[in-house]
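Q: Make a model of this:
(chains A and B, ligands or ions: 2)
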Amino acid sequence: MIRIRHLSHSFGRFWALKNITLSLDKGDFLFLTGPSGAGKTTLMRILHGSIPVQRGKAEIAGFDLTSTSSRRLYLLRRQVAIVFQDFRILPDRSVWENVALPLVVRGMVKAQIQKRVRAVLRGLSLDKKTWSLCREISGGEQQRVAVARAVVVNPKVLLADEPTGNLDKKLSLQLLEVFRQFHIHGTTIVFATHNEELIRSQPKAKILSLKEGDIVNANWPLTESGT
Amino acid sequence: MNVFGHLLFQGLINLGRNKWAQIFTMSAVIFVSFLAGLFLLLLFNFNLAVTTTQDRLQYQVYWDREMPGEEVSEQWSEIASWEIESIKTFTPEQALHVLLDSMSGDFDPGHLAASNPLPPTALVEISLGTTEGDDPAREILNRLEQLPGVDRVSYNPMQMDIARTWLKITSRVFWPLIGFMFAITGLVVANTLKLNQINRKDEVEILSLVGASSGYIQFPLLITGALQGLVGGFISVLLLKGMHLLVKDLLYFPPIWVRIEFLPFWYIVSLLAALTAVGIVSSFLAGNGEDG
Ligand SMILES: Nc1ncnc2c1ncn2[C@@H]1O[C@H](COP(=O)(O)OP(=O)(O)OP(=O)(O)O)[C@@H](O)[C@H]1O
Ligand SMILES: [Mg+2]
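A: Ligands and ions are numbered 1, 2, ... in the order given. Presented below is the predicted three-dimensional model:
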């Protein structure tokens, strides 16, 4: 599902990722950890096609990121959803509009959209805020809107960059539960977090630690799994 | 599903968002295209005045007196079919009549009528602006001189030079100026619209992040841009027309007698088309400026 070979990325002369190689199978649950500045967000953005591959190779959900043109990127993004560390939601639109957006752009019929959005909002305890504007809700609520918008499309791969950063313990566990539901149904999940407790609560998950762009630890053999 | 309708609707909705930004953008577009229209109007009228008054050239053609009248009138109808503005013909009798009319009353025409000394003549007027070819004036002159029976063709060489010079000036200045003006207007309008859309860059970026195709993202932007260009242009044309109604008789007094004409229909259409195209192109550029 994800296959990365000798991937390096630099911003100017600064190397944010250094020669990363790893593979994930369909249905894997990966925790990506590491101190601030380790390169977690950079890796996620490369996997989502937001920044181009400079060196090495990367494949995700059947798309070769080194050769997918920007015109065809949207096809990849229909399979790979992302929750940004900084949310990237539309502040002047309602919670509902933000969460429905990925379904609207896919041209889904209204009834279907309503069903899905309602279910996801309920799962993330956002149903009381359905019609609030996103700039008028709390940081934790905004974060959950970002998560809802990613999971509502039922993606093949879910990239979540610190999705619990603004959440208390109870909400974090609730959010993890939502992810686990998708995971059970076959979604591959990459979950970047500093939260040791969350990681420990999922003993079967794969864990990868980055530091200054290097892989410093992994709890599974990095290259032996297929794609 | 009616995706097209939905996208069209989105394009319209876009206009309703950020009302103030839209109002400023529209005012800028209207203002610039109004100025451009005004400039075009001035140029057009100037050119009109020049070409209708300065580009005419007259040839006075004299036939042999021996030429039979029927042959001369055959040639007259041939000349009339050339690319000329007008032809005034005079049989010897008509010429004499005109001549006598212009003289004082006590002149006795009796003996002149009996043996009329005047040849058949014609006054051929051509316009340098509408005829084609390298040197239409020269060409017509040659053709006139080569007609069998034509004795001589006279014209005022000064007049020919003045007409030529005017025409050179206007054709060298008129079209480049119009092109220049369109370029300036295009740049200003394009930039204004583009800036306006870059305000919505976040939104465009997010659409792309959640899996919208570039067509899906760009079509509403193009509609918005096209509408802004078209509506802005339309309003400025209305303003221009209002302005024209106020000033059209300003120069209509002796001895100028110039009525300021409004721009012809196809000028207006091309102005609007150009603005719409500028709107489309600028939103296309603005939409492409984002990187996923
Ligand atoms: N656009 C950029 N230009 C220059 N440097 C950048 C850019 N984006 C990231 N970096 C640098 O690359 C390094 C890795 O950044 P990244 O955002 O991937 O870290 P992170 O692991 O996500 O950190 P955090 O836990 O704080 O989110 C950092 O040192 C950062 O300053
Ligand atoms: Mg980060």
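
Q: from here on, contacts and neighbour counts on C-alpha atoms
A: Fine.

Q: Correct me if wrong: residue B:189 contacts residue B:30.
A: No. Here residue B:189 lies out of contact with residue B:30, judged by CA atoms under 8 Å, at a distance of 9.0 Å.

Q: out of those two, which sits in the more crowded spot?
A: residue B:189 (27 against 24; other CA atoms under 10 Å in any protein chain shown).

Q: Show me the contact partners of the longest helix along chain A.
A: Criterion DSSP state H: the longest helix present in chain A is helix A:169-184. Outside of helix A:169-184, the residues within contact range by CA atoms under 8 Å, 6 or more residues apart in numbering or on different chains are A:27-29, A:123-124, A:151, A:154, A:164, A:189, A:198.

Q: give me that answer again for 10 Å
A: With contact meaning CA atoms under 10 Å, 6 or more residues apart in numbering or on different chains, helix A:169-184 is reached by A:26-29, A:120, A:123-125, A:140-141, A:144, A:147-148, A:151, A:154-158, A:160, A:163-168, A:185-189, A:191, A:195, A:197-198, A:201-202.

Q: Also stretch B:173-183?
A: So stretch B:173-183 is in contact with B:33, B:35-37, B:39-40, B:43-44, B:46-47, B:167-168, B:170-171, B:184-189, B:271, B:274-275, going by CA under 10 Å, 6+ apart.

Q: returning to what we had before: any buried residues in the longest helix of chain A, and which?
A: Across helix A:169-184, burial judged by 16 or more other CA atoms under 10 Å in any protein chain shown covers A:171-176, A:178-180, A:182-183.

Q: Check stretch B:164-183 too.
A: Those buried within stretch B:164-183 under the rule 16+ other CA under 10 Å are B:164, B:166-167, B:170, B:174, B:177-178, B:181-182.

Q: quick one: that stretch to chain centroid distance?
A: Mean C-alpha position of stretch B:164-183 versus that of the full chain (CA atoms, centre = their mean, to the nearest Å) differs by 11 Å.

Q: Return it as PDB; C-alpha atoms alone will do.
A: Extracted in PDB, the C-alpha atoms of stretch B:164-183 (Å, rounded to 0.1, in the frame of the first residue of the first chain):
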ATOM      1  CA  ARG B 164      -1.200  59.800 -48.400                       C
ATOM      2  CA  THR B 165       0.500  61.400 -45.400                       C
ATOM      3  CA  TRP B 166      -2.700  61.500 -43.300                       C
ATOM      4  CA  LEU B 167      -3.400  57.900 -44.100                       C
ATOM      5  CA  LYS B 168       0.100  56.800 -43.200                       C
ATOM      6  CA  ILE B 169      -0.100  58.600 -39.900                       C
ATOM      7  CA  THR B 170      -3.500  57.200 -39.000                       C
ATOM      8  CA  SER B 171      -2.700  53.700 -40.000                       C
ATOM      9  CA  ARG B 172       0.600  53.900 -38.100                       C
ATOM     10  CA  VAL B 173      -0.900  55.300 -35.000                       C
ATOM     11  CA  PHE B 174      -4.500  54.100 -34.900                       C
ATOM     12  CA  TRP B 175      -4.100  50.400 -34.800                       C
ATOM     13  CA  PRO B 176      -0.900  50.300 -32.600                       C
ATOM     14  CA  LEU B 177      -2.700  52.600 -30.100                       C
ATOM     15  CA  ILE B 178      -5.700  50.400 -30.000                       C
ATOM     16  CA  GLY B 179      -3.500  47.300 -29.600                       C
ATOM     17  CA  PHE B 180      -1.600  49.100 -26.800                       C
ATOM     18  CA  MET B 181      -4.800  50.100 -25.100                       C
ATOM     19  CA  PHE B 182      -6.100  46.600 -25.200                       C
ATOM     20  CA  ALA B 183      -2.900  45.300 -23.800                       C
END
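
Q: picking up where we left off before, put together TSV for the buried residues of helix A:169-184, with pLDDT and distance to ligand 1 on each row.
A: TSV is the format used below for the buried residues of helix A:169-184 (pLDDT from 0 to 100; distance: CA to the nearest ligand atom, whole Å):
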residue	pLDDT	distance to ligand 1
A:171	87	20
A:172	90	17
A:173	89	20
A:174	87	22
A:175	88	19
A:176	90	19
A:178	87	22
A:179	91	20
A:180	90	23
A:182	90	24
A:183	92	23
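
Q: Spell out which parts of chain A neighbour chain B.
A: A:48-52, A:70-82, A:88-92, A:98, A:101-109, A:149-150, A:153 (CA under 10 Å from any CA of the partner chain).

Q: Buried only: go through those residues for me.
A: A:48-52, A:73-74, A:76-82, A:88-90, A:98, A:101-107, A:149-150, A:153.

Q: Now do the helices in the stretch 1-150 of chain B.
A: Counting by DSSP state H, counting those that start in this stretch, the stretch 1-150 of chain B has these helices, from start to end: B:3-16, B:19-54, B:69-80, B:92-101, B:110-114, B:136-146.

Q: hang on, the earlier thing: could you pick out which of the buried ones among the residues of chain A next to chain B are located in strands?
A: A:80-82 (DSSP state E).

Q: any chance of these in a markdown table, plus distance to residue B:249 and pLDDT?
A: Below are those laid out as a markdown table (distance: CA to CA, whole Å; pLDDT from 0 to 100):
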| residue | distance to residue B:249 | pLDDT |
| --- | --- | --- |
| A:80 | 68 | 96 |
| A:81 | 67 | 95 |
| A:82 | 67 | 95 |
